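Novice: sequence? don't have it. structure:
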């Protein structure tokens, strides 16, 4: 029985001490408590108001919506962090230890999420520098497609065969990126090969007429066509024209198909690869100099060989005696 009483005493004593500390805190620091709840209510309202004001200010800028959302989120968490530190200071908490713990936590999280932080920094670069926008037709390495979505960690692309490919933003920043849709117009290049007997001026005229017949091809700059290469089996013409970026493939296929039809209509031959083979009937005569190889003549031994090393002397003895 005495043992049980002795065991209960520390528990009762601890509970009473804790209760006493709580009562003392509320009776001696009631002004701190009142100030705490006042700052809590005012702070929450103030943060909400500041968020709306900052959101309206960002909307007036030329910043992308995704960048606006990111900046607003960062400012929101910074305000809440400062707000919490103020509340802890009001109730008498020593902020030195708290700031040390927060710094250690940020360092640990940063090391654990190093790859994500790299993608985040790359996403900020992509958005702030307007490298790509949603709807742009781009090429990254061997992948070509339309930008479907951009966020601060990943970028999604829909390929021409309707596959969705997601790239980490760091790989986009570190790779060669071709953006076909960033400019309003594009140049469409062609190479047309015809037979050597074709009329050069007629070919140039035909190609330009086809280009000017399509209303999606711009008149200024004017369509261009000139003879470029004298090939092994054909003469090659280089041609180009300008159009809106969205009309690139329509223009390319229209010109290619109609040039081919016009060449056939005007009897301009498009040759196949040709190889000329001849059979020789004359006797082949190969010129020969001299009457063959001369017979080898040994040079007389040098003084060094006469008084030479042991290997040279033994070799000569073997040759003389026929020893093998």
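Specialist: Yes, it's here. Nothing here was measured: the structure is a model prediction, and the numbers come from that model.
Novice: Tell me where the stretch 151-300 of the chain has helices.
Specialist: In the stretch 151-300 of the chain, the segments counted as helices under DSSP state H, counting those that start in this stretch are 169-173, 200-212, 248-265.
Novice: In the stretch 51-200 of the chain, mark out all the strands, start to finish.
Specialist: 137-140, 143-150, 154-159, 164-168, 177-179, 185-194 (DSSP state E, counting those that start in this stretch).
Novice: right, so of those, which gets closest to residue 269?
Specialist: Residue 269 lies closest, by Cβ to Cβ, to one member of the strands of the stretch 51-200 of the chain: strand 185-194, at 6.3 Å. Every C-beta, even on glycine, is put in place using the N, C-alpha and C of the backbone.
Novice: what's near enough to touch residue 213?
Specialist: residue 258 (Cβ atoms under 8 Å, 6 or more residues apart in numbering).
Novice: Report how many residues lie close to the nearest residue to residue 43 once chain neighbours are set aside.
Specialist: Residue nearest to residue 43 in three dimensions, not counting chain neighbours: residue 83, with 4.8 Å by Cβ to Cβ, 6 or more residues apart in numbering. For residue 83, the neighbour count with other Cβ atoms under 10 Å is 16.
Novice: Quick check: residue 83 touching residue 45?
Specialist: No. Here residue 83 lies out of contact with residue 45, judged by Cβ atoms under 8 Å, at a distance of 11.3 Å.
Novice: Can you pull up the most central residue in this structure?
Specialist: Central residue of the chain (Cα atoms, centre = their mean): residue 172, 2.4 Å from the mean position.
Novice: Enumerate the beta-bridge partners assigned to residue 150.
Specialist: In this entry, residue 150 is beta-bridged to residue 155, by DSSP bridges.
Novice: State the pLDDT value of it.
Specialist: You'll see residue 150 listed with a pLDDT of 82.
Novice: now swap in residue 20 and tell me
Specialist: 66.
Novice: I'd like the numbering to begin with 51 instead of 1 from here.
Specialist: Understood, numbering begins at 51; the last thing we discussed is residue 70.
Novice: Is residue 191 in contact with residue 224, as I believe?
Specialist: No. Between residue 191 and residue 224 there is no contact under Cβ under 8 Å: 10.8 Å.
Novice: do you know which of the strands of the stretch 101-250 of the chain lies nearest residue 308?
Specialist: strand 235-244 (11.4 Å).
Novice: mind listing what's buried in that closest one?
Specialist: 236, 238, 240, 242-244 (16 or more other Cβ atoms under 10 Å).
Novice: Same check on stretch 244-262?
Specialist: By 16+ other Cβ under 10 Å, the buried positions in stretch 244-262 come out as 244, 248, 253-254, 256-258, 260-261.
Novice: give me every residue that touches residue 318.
Specialist: Listed by Cβ under 8 Å, 6+ apart, the contact set of residue 318 reads 244-245, 248-249, 252-253, 256, 312.
Novice: er, residue 254 I mean
Specialist: With Cβ under 8 Å, 6+ apart, residue 254 has these contacts: 275-277, 287.
Novice: Kindly report the same for residue 181.
Specialist: Residue 181 makes contacts with 175, 222, 227, 229, as judged by Cβ under 8 Å, 6+ apart.
Novice: And those, which is closest to residue 347?
Specialist: Nearest to residue 347 among the contacts of residue 181, with distances taken as Cβ to Cβ, is residue 227, at 73.8 Å.
Novice: Cool, thanks, talk later.
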